[in-house]
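Visitor: Sequence first, then the predicted structure:
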Amino acid sequence: MSKTANKDESFFKKLVGNQLFIPILAILLLAVINLINDPGFFKITLGTNNAGNPVLSGYLITILDYGSELGILAIGMTLVTAASGGQDISVGATIAIAGSAMLRVLCGGTSRPTELAAPIIVAFLVACVVGMICGAFNGMLVAVFKIQPMIATLILFTAGRSIAAWINNNELPIVPDPKFAYFGSFIPGIPIPTTVFIVAACIVVIALVLKFTNLGLYTQAVGINEGASRLNGINPTFIKFLSFVILGLCVAVAALIKVSRLSTINYSVIAKDIEMDAILAVALGGNALSGGKFNMWASILGAYVIQFLTTTLYKFNVQSDALAAYKAIVVIVLVVFSAPTVRDYMKQLAKKVAPAKKEVA
Amino acid sequence: MSNSNEKKSIFGRMNDTSLLLTITVVIFFLMYIGAIVFQGGAFTKPQMFFNILNANAALIITACGMSVVMISGGIDISVGGVVALVSMCCAVYLDYHDGSIIGSILIALGIGVLYGLVQGFLVAYLDIQPFIVSLAGMFFARGMTTIVNTAPFNVADEEFTALKLTRIIIPGMGTTNKKGIYVPAYVEIGVIVALIVVAVLFIVLRWTKLGRSFYAVGGNKQSALMLGINVKRTKFLSHMLCSVLAGIGGYVYFLHVGSGSASHAMGMEMNAIASSIIGGTMLTGGVGNIIGTLFGVLSLSTIQNIVSSAGLDQAWWTGITIAAMLCIFLLIQSVVMAQKKKALKA
């Protein structure tokens, strides 16, 4: 985006050139729309929930809370997109698998247990392993067998929910321990949703990884030119594989939140259409969907923009099933504006206008 | 394509299309004969085969469209959504607006053409990845279906019901049931449409300039351009053809189930892609065959029937078997291509 950066760029151009510009502009736009529609949108109140604990409530809190799964997925999706130049469309289905495995461990195979069969941490670790295995499966198909990422992940996309149902014999176990629900709601005494802390932890971890390892650099190198990066001593197969495994880990964390929200699972509905949102988040963050350079923070911000959009659409009484149609239009508008052909055309247009501007300045 | 030197392996000798086609056809016949031998029962009756055709006529049509797009190097995952949208729109038109059969067919074609125009334009002329475009297309279609009408319902229109129940008897293939009554074998109208589509596409892909340019563009865009082929127009037309076929497939699906619902044809795009891949169409483009796609659909539904008649009829087994089959065939393709590359280098 800023490849053609000149030193005498105006402030405005720098602002527009920044990757964070699009998501922030989108947030402002949505905020203004909501402000006009209902000024009460931004009100945050401190109340108590059913259990008598103090909780913050309001639309903004809802966005922060329900955007967390998407924010976590956006981290992994950004890496996968950057390294492989394709997207993983199986994340929704793998959330179902990881969540189902977690429930299986927690409830020990019975559908109405009276107490936990295993500690929560064990169940979570099992879910992490399952998520990483799914990621490794996708990664192997993409990196070793050189299958296009979206086709390779199509396999789990179809089979995932079936496998999830099969893990628990199509039963819907309910977790008996109220502590398990803390991850998706509130810890008693703390008025901020727990999910916010989980996302913060994930962001800190990925920030440290990007700062102290070469993961970011290598991923971009592989995405920009696989052959050249191999000649420079990077193993592209491993980097691609690794990006899918990291996404698998993100999926496991998202599954923890999703399952914790309900303390049970619904195989065909859990995390439905989330793959679309995750890809949208990456695109909104201004990252090229064809791989290469990426900006992690723009993607995460993008995820919250999507949630903002979803909440806004709900507020306008859009049915949840019809939501996809509106989001699809947003995707199309976004990709059209980021398409190289359109960009070149706009640059030419800008050139025609620019000389006139300079004279004015 | 690959007769480069004297050291020819089995992979080197055949060209890509016929090699992958042979694998598919052989596997299909092995599977069907296996089913007759080991499970017997329903599989021994010809009507079983016709039932597979009846249930999958729409899939054959959409899979053919998918093959065309894949041969020219693209992909279209919106077909399932388009099928659902077409059946819902036609159902609403017939029942709530007292429409005619001709009108509903025009609606189906219109939706297909519109989808083709938009997606083809975005993919071919704006150079956007076909996967992203059609992913958005799929979600748009599913969303629109709910907006058109939320609740699923059966169509009661008399003319339509008559058309739906029209059966074409196939002479000499019937069986006598336990009571000694002769039950004739039949196919529905959709099957005839599907077979016509297969025949026409086979001719187009094999013997027309347009058909050959699909292969050329999918095989190598650059050399196709140098041969003087209008690459953008060819890509556009491939997406157009796929969407129109999805529209026709949608109507055939509608004719088979006779109802409109937002959950119709869930995962059909996946089955269409799987059938094309099983039928020997390469994801990378430039390789593929319509007859293979037909056999791909047949193999896919045969294995589903085997799975369900083996007592594993829980819904999840279908998803798992299709995915497993797709996975195996993708790996076969990947290995075959790697072998060919080696054979070419050696």
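Guide: Cool, got the structure.

Visitor: From now on I want contacts and neighbour counts done on CA atoms only, so please keep to that.
Guide: Will do.

Visitor: Determine whether any part of stretch B:305-321 lies close to chain A.
Guide: Yes. Interface with chain A: stretch B:305-321 contributes B:315, B:316, B:317, B:319, B:320 (CA under 8 Å from any CA of the partner chain).

Visitor: show me what contacts the nearest residue to the fourth one once chain neighbours are set aside?
Guide: What it means is residue B:319. Leaving aside its chain neighbours, residue B:319 sits nearest to residue A:159 (4.9 Å; criterion: CA to CA, 6 or more residues apart in numbering or on different chains). Residues near residue A:159 by CA atoms under 8 Å, 6 or more residues apart in numbering or on different chains: A:93, B:316, B:319, B:320, B:322, B:323.

Visitor: Would you reformat those residues as CSV and include neighbour count and secondary structure?
Guide: CSV is the format used below for the contacts of residue A:159 (neighbours: other CA atoms under 10 Å in any protein chain shown; DSSP: H, G, I helix; E, B strand; the rest coil):
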residue, neighbour count, secondary structure
A:93, 32, helix
B:316, 19, helix
B:319, 22, helix
B:320, 20, helix
B:322, 22, helix
B:323, 22, helix
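
Visitor: Farthest-apart pair in the residues you listed, please.
Guide: A:93 and B:322 (15.2 Å; CA to CA).

Visitor: now whichever strand or helix holds residue A:228: mean pLDDT?
Guide: Using DSSP states H and E, the element containing residue A:228 is helix A:226-231. Summarised as a single mean, pLDDT over helix A:226-231 is 90.

Visitor: So which bits of the following helix or strand past it are buried?
Guide: The helix or strand immediately downstream of helix A:226-231 is helix A:236-262, counting by DSSP H and E. Using 16 or more other CA atoms under 10 Å in any protein chain shown as the burial criterion, the residues of helix A:236-262 that qualify are A:236-237, A:239-262.

Visitor: and those residues near chain B, which?
Guide: Within those, nothing lies near chain B by CA under 8 Å from any CA.

Visitor: now the helices for chain B?
Guide: Listed in chain order, the helices of chain B (DSSP state H) span residues B:10-13, B:16-38, B:46-71, B:79-96, B:101-120, B:130-148, B:158-165, B:189-207, B:209-219, B:221-226, B:231-257, B:268-278, B:290-309, B:315-345.

Visitor: can you redo the ones you listed as TSV with mean pLDDT?
Guide: Output for the helices of chain B, formatted as TSV (pLDDT from 0 to 100):
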stretch	mean pLDDT
helix B:10-13	51
helix B:16-38	80
helix B:46-71	90
helix B:79-96	91
helix B:101-120	93
helix B:130-148	88
helix B:158-165	83
helix B:189-207	92
helix B:209-219	90
helix B:221-226	88
helix B:231-257	93
helix B:268-278	86
helix B:290-309	85
helix B:315-345	77
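
Visitor: And the ones you listed: which comes nearest residue A:130?
Guide: It is, among these and with distance given as CA to CA, helix B:315-345, at 17.0 Å.

Visitor: hey, where'd the helices end up in the stretch 1-150 of chain A?
Guide: Shown for the stretch 1-150 of chain A, the helices assigned by DSSP state H, counting those that start in this stretch span residues A:11-17, A:21-37, A:59-66, A:68-84, A:91-107, A:120-143, A:149-167.

Visitor: Would you reformat the ones you listed as a markdown table and include mean pLDDT?
Guide: Formatted as a markdown table, the helices of the stretch 1-150 of chain A follow (pLDDT from 0 to 100):
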| stretch | mean pLDDT |
| --- | --- |
| helix A:11-17 | 65 |
| helix A:21-37 | 83 |
| helix A:59-66 | 87 |
| helix A:68-84 | 92 |
| helix A:91-107 | 91 |
| helix A:120-143 | 93 |
| helix A:149-167 | 85 |
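
Visitor: Just want the residue of the stretch 51-200 of chain A that's nearest chain B.
Guide: Using CA to the nearest CA, the closest approach of the stretch 51-200 of chain A to chain B is made by residue A:162 at 4.2 Å.

Visitor: Contact partners for the nearest residue to that residue once chain neighbours are set aside?
Guide: Spatial nearest neighbour of residue A:162, chain neighbours left out: residue B:316 (4.2 Å); criterion: CA to CA, 6+ apart. Applying CA under 8 Å, 6+ apart, we find residue B:316 in contact with A:159, A:161, A:162, A:163, A:165, A:166.

Visitor: Kindly recompute the last result at 10 Å.
Guide: Going by CA atoms under 10 Å, 6 or more residues apart in numbering or on different chains, residue B:316 touches A:158, A:159, A:160, A:161, A:162, A:163, A:164, A:165, A:166, A:170.

Visitor: now these as CSV including distance to residue B:45?
Guide: As requested, the contacts of residue B:316 are arranged in CSV below (distance: CA to CA, whole Å):
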residue, distance to residue B:45
A:158, 31
A:159, 31
A:160, 34
A:161, 34
A:162, 31
A:163, 33
A:164, 36
A:165, 34
A:166, 32
A:170, 34
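
Visitor: Report the buried members of the residues you listed.
Guide: Here, 16+ other CA under 10 Å leaves A:158, A:159, A:160, A:161, A:162, A:163, A:164, A:165, A:166, A:170 buried among these.

Visitor: so residue B:263 touches residue B:141, yeah?
Guide: No. With contact defined as CA atoms under 10 Å, residue B:263 and residue B:141 do not form a contacting pair (11.3 Å).

Visitor: Pick out whichever of the two has more residues nearby.
Guide: residue B:141 (27 against 15; other CA atoms under 10 Å in any protein chain shown).

Visitor: Tell me how many other residues crowd residue B:288.
Guide: 27.

Visitor: quick one: the residue nearest the centre of chain B from residue B:100, how far?
Guide: A centroid search over chain B (CA atoms, centre = their mean) returns residue B:63, at 1.4 Å, as the residue closest to the centre. Separation of residue B:63 from residue B:100 (CA to CA, to the nearest Å): 28 Å.

Visitor: and if you look at residue B:221?
Guide: Taken as CA to CA, the span from residue B:221 to residue B:100 is 44 Å.

Visitor: so what's residue B:177 up against?
Guide: residue B:183.

Visitor: likewise the one 10 residues further on?
Guide: For residue B:187, the contacting residues are B:47, B:49-55, B:57, B:166-170, taking CA under 10 Å, 6+ apart as the criterion.
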